[in-house]
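# Structure of the sequence below:
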Amino acid sequence: MNDKRKIINRYEAVSVEESLRTGQRSLHASKAFQKDEIISSFAAAEERSSPTSLTLQKDDNVHIVLSPSFLQYVNHSCSPSAFFDTTLMQFVALKNIAEGEELTFFYPSAEWEMAQAFDCRCGHHNCLGTISGAAFLSTEVLQRYRLTDFIQRKLAEQKEKRA
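Next up is the predicted model:
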């Protein structure tokens, strides 16, 4: 089903859109992006010691509220179009993205243990079902994704403990 949407806010390279059917908001490309192109730089508007549904994890006890705030509308997908590089503080295209396409990211790529697990309904043939964070996924699954330096470090620590 093709979901009709209305534009809530338009920015230089992206727009926040709302589904007329569900009311859910999402971030969409206002122009085409090439793979590895920077969609937006970002900063920490605020740091918190524990996760919320609107934060991105940078370290064990560092969860950031994103600025610009439109980045809060990037939804999860098991087949993501973009990645939050929390070292360079850049939101980057993982593939060529067409104008109008929804921008999505793989939540466990930046979240070790999420504040709230959820059942994914991305519809991708490799959909993982329940999304809880990288800590709950196998190394084999995580190898399919680009991961933040923090998540890579956590995986290395986990591997060391098992050795």
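# Who does the residue most central in space within the chain form a beta bridge with?
Central residue of the chain (Cα atoms, centre = their mean): residue 105, 3.2 Å from the mean position. When bridges are called by DSSP bridges, residue 105 pairs up with residue 76.
# can you list contacts of stretch 36-43?
Contacts with stretch 36-43, where a contact means Cβ atoms under 8 Å, 6 or more residues apart in numbering, come from 13-14, 29, 33, 66-68, 71, 82, 84, 89-93, 97, 103. All C-beta atoms are positioned from the backbone trio N, CA, C, and that covers glycine.
# And the helix or strand bottoming out on mean pLDDT in the chain, what does it pack against?
Least confident element among the helices and strands of the chain, by mean pLDDT, DSSP states H and E: strand 5-10 (a mean of 80). Packing contacts for strand 5-10, counted by 3 or more Cβ pairs under 8 Å, 6 or more residues apart in numbering; DSSP states H and E, involve strand 14-19, strand 25-29.
# Not counting sequence-adjacent ones, nearest residue to residue 39?
Leaving aside its chain neighbours, residue 39 sits nearest to residue 91 (4.7 Å; criterion: Cβ to Cβ, 6 or more residues apart in numbering).
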